[in-house]
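> Turn this into a model:
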Amino acid sequence: MANSSGNLNARGYCSDGPAEYGEVLGAVALAQPNSLQPYPLRCSGLFKCRHGIVDSTRQGISAELIRVHPLTGVGHRAILTDMSTAIPQRDPETTALLLREWLAVKLVGAGTVMTEDSQVVKIVDLAVPKAGFSNETILATAQWRTPLGEIHEREIVLRIEPTRHQLFLAPDALRQAAVMNVLQPYVRVPEVLFTESRADILGAPFYVMQRVRGKVTSDVPSWHSRGWVTELSEVQRSELHDNALRELVKLHRVDTSDQAFDFLRTEGNVNDLQHYVYWLEQMYEWCEPVRVHSTDVIEMAMRFIIDEIPDDPRSGLVWGDARMGNILFDDSRKVASMLDWEGATLGPCDIDVAWWALFDEFLCESLGITRLSGIVPRREMYLRYCDLGGEISPAIGYFEVLAGLLFTLTNSRLAHLLVESGASTETFAASIVDRAAKLTRQAIERLS
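Numbers count the residues shown, from 1 in each chain. This is a model prediction of the structure:
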């Protein structure tokens, strides 16, 4: 990438951290809490499926479940996939050939080229980034000749649904594409060019989007300690942060009553927050094999989330991984694009706001780093978000605990993947869980 301010990370954007860790801490297990229908199974380590009983304490689980909603009594099927640590390795030449043949067919369907002959399409500069547990990413440039003889070229990014290195409960690449498509009129998101539901092309469903150039803030090392943001003035950093929060407010003010958002809606007679909590409880159960660090905090937070759930009927658009590291900035410090929509759902906007604050503290105070001037801390961030047009409920403390629990569970799974793949030591892996758990405990203590 033609940008000297950092390395290329797994999403194809500029990052200040080592490329192999570009997305590790940013991957959030928030996959489709509404489409999964994740109603909790009231059992101890055993899941009932049509093939009999599957022991959920095994690390490799692949079974069809019948989930019964605790309030409606309605059963839903869902798949628990293998919590494997194997990350697929693709051959760039073979991948380029497959992509060229597939893209030629897609371009004919769009009326862009006249023949399905793959020779009319060229794939150049294809790269398969090493990092990323949340999905598989391929970067390339596509060139083709139109019926009028014009040469067209586009930088593209492929996001492929993970099959073996499962970080999410129910990854769904096409749903991510649908989210970005429906958000195009409202906020800055990448343009989705094509989708593919078949798994026989690249091994799983995928989508192709226009690549967006710009800068991202890094997780490792923390952007609070190194990188291009540290080189800005206090005024410039404040402007950068305000621009990011302003775009978040725009997202939360989208009118989701439009039927275009129907695919995000849940079924049953529970509100979106209740459904979200049911899903989180199911994730808690699924993560049981990797809940080996800070288990007391995880259990305490799970009990709190269930027992103290507020009566909150709000049904706004929730990003699911709202943070500075998922925003691409242009050279004028404005938002160029918002990235990573695996966890998009409907619910109270406080889910995003609390997550933003927690992730920022994880990359700053929990590391003992002095906060950059111009980047306001948690409480001031809440006020600034409201000043820019957002609204936060009095129960924001509950959502801080919810964010902490989700983050600790996510990091528990990441820790397992990092160690098993040889990307990290056990000590470092445990530290990212314990730091998240410490923030979660602090959130609970603030409420008491």
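
> ok, Glu308 - contacts?
Tyr398 (Cβ atoms under 8 Å, 6 or more residues apart in numbering). Every C-beta, even on glycine, is put in place using the N, C-alpha and C of the backbone.

> how close does it get to His293?
24 Å (Cβ to Cβ, to the nearest Å).

> Can you give me the pLDDT of the closest residue to Ala437 other than its chain neighbours?
Excluding the flanking residues, the one nearest Ala437 by Cβ to Cβ, 6 or more residues apart in numbering is Ser294, at 3.3 Å. Looking at Ser294, its pLDDT reads 97.

> residues in contact with Ser294?
Counting by Cβ under 8 Å, 6+ apart, Ser294 has contacts Thr408, Val433, Asp434, Ala436, Ala437, Lys438.

> Show only the entries of those found in helices.
Judged by DSSP state H, helices contain the following of these: Thr408, Val433, Asp434, Ala436, Ala437, Lys438.

> for those, which one is nearest Thr217?
Ala436 (18.7 Å; Cβ to Cβ).

> I'd say that closest one and Phe362 touch.
Yes. When contacts are counted by Cβ atoms under 8 Å, Ala436 is listed as touching Phe362 (6.4 Å).

> shared neighbours, these two?
Counting by Cβ under 8 Å, 6+ apart, the common neighbours of Ala436 and Phe362 are Phe407.

> more neighbours, the two?
Taking neighbours as other Cβ atoms under 10 Å, Ala436 and Phe362 compare with Ala436 leading, 32 against 22.

> Out of the contacts of Ser294, give me the one that has the most neighbours.
In terms of neighbours by other Cβ under 10 Å, these top out with Ala436 at 32 neighbours.

> what about Glu150, neighbour count?
8.

> can you check Thr94 too?
Based on other Cβ under 10 Å, the number of other residues close to Thr94 is 9.

> could you dump the host helix or strand of it to CSV, C-alpha only?
According to DSSP states H and E, Thr94 maps onto helix 92-109. What follows is helix 92-109 as a C-alpha-only set of coordinates in CSV (Å, rounded to 0.1, in the frame of the first residue of the first chain):
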residue,chain,number,x,y,z
PRO,A,92,-2.1,-16.6,-4.7
GLU,A,93,-1.7,-17.9,-8.3
THR,A,94,-4.6,-20.4,-8.0
THR,A,95,-6.7,-17.8,-6.2
ALA,A,96,-6.1,-15.3,-9.0
LEU,A,97,-7.1,-17.8,-11.7
LEU,A,98,-10.3,-18.7,-9.8
LEU,A,99,-11.2,-15.1,-9.2
ARG,A,100,-10.5,-14.1,-12.8
GLU,A,101,-12.9,-16.8,-14.1
TRP,A,102,-15.6,-15.9,-11.6
LEU,A,103,-15.3,-12.2,-12.2
ALA,A,104,-15.6,-12.6,-16.0
VAL,A,105,-19.0,-14.3,-15.5
LYS,A,106,-20.1,-11.6,-13.0
LEU,A,107,-19.1,-8.8,-15.4
VAL,A,108,-21.1,-10.4,-18.2
GLY,A,109,-24.1,-10.5,-16.0
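
> Show me which positions of it end up buried.
Thr95, Ala96, Leu98, Leu99, Arg100, Glu101, Trp102, Leu103, Ala104, Lys106, Leu107 (16 or more other Cβ atoms under 10 Å).

> Give me the three-state assignment for His152.
Following DSSP: H, G, I helix; E, B strand; the rest coil, the label given to His152 is strand.

> Setting aside sequence neighbours, what's the nearest residue to it?
Using Cβ to Cβ, 6+ apart, the closest residue to His152 is Trp144 (5.6 Å).

> list the contacts for the one you found?
Applying Cβ under 8 Å, 6+ apart, we find Trp144 in contact with Leu103, Ala104, Leu107, Thr112, Val113, Val120, Val121, Lys122, Ile151, His152.

> got the phi/psi numbers for it?
The phi and psi torsions at Trp144 (degrees, to the nearest 10) take the values phi -150, psi 160.

> separation between it and Glu153?
Using Cβ to Cβ, one obtains 8 Å as the distance from Trp144 to Glu153.

> and if you look at Lys250?
Distance of Lys250 to Glu153, computed by Cβ to Cβ: 31 Å.

> of these two, who's got more company?
Ranked by neighbour count (other Cβ under 10 Å), Lys250 and Glu153 place Lys250 first, with 17 against 11.

> Enumerate every residue touching the residue nearest to that one when sequence neighbours are not counted.
In space, not counting the residues next to it along the chain, Lys250 is nearest to Val187; the distance is 5.3 Å by Cβ to Cβ, 6+ apart. For Val187, the contacting residues are Glu247, Lys250, Leu251, Val254, Met338, by Cβ under 8 Å, 6+ apart.

> Leu126: which of those residues is nearest?
Closest approach between the contacts of Val187 and Leu126, by Cβ to Cβ: Met338, at 25.3 Å.

> residues touching that closest one, list them.
Counting by Cβ under 8 Å, 6+ apart, Met338 touches Val187, Arg188, Val189, Glu247, Leu251, Trp319, Asn326, Ile327, Leu328.

> Show the model's pLDDT score for the first one.
In the prediction, the pLDDT value recorded for Val187 is 98.

> So what does it have for phi and psi?
phi -140, psi 170.

> State the distance from it to Val335.
Noted for Val187: a distance of 8 Å to Val335, by Cβ to Cβ.

> mind listing the strands for the stretch 151-300 of the chain?
Listed in chain order, the strands found in the stretch 151-300 of the chain under DSSP state E, counting those that start in this stretch are 151-160, 192-196, 206-210.

> Can you list phi and psi of Val419 for me?
Torsion angles, degrees, to the nearest 10, at Val419: phi -70, psi -50.

> and what of the one 5 residues further on?
In terms of degrees, to the nearest 10, the main-chain angles of Ser424 are phi -160, psi 160.

> residues near the closest residue to it other than its chain neighbours, how many?
Nearest residue to Ser424 in three dimensions, chain neighbours excluded: Leu418, at 3.6 Å (Cβ to Cβ, 6+ apart). A count of nearby residues for Leu418, using other Cβ under 10 Å, gives 22.

> and what of Ile375?
Neighbourhood size, Ile375 [other Cβ under 10 Å]: 21.

> That one: what secondary structure?
Relying on three-state DSSP, one would call Ile375 coil.

> Give me the pLDDT for it.
For Ile375, the pLDDT comes out at 98.

> what sits against it?
His224, Val229, Arg237, Ser238, His241, Asp360.

> one more time with 10 Å, if that's ok
Ile375 makes contact with 217, 223-224, 229, 232, 234, 237-238, 240-241, 324, 360, 364, 381, according to Cβ atoms under 10 Å, 6 or more residues apart in numbering.
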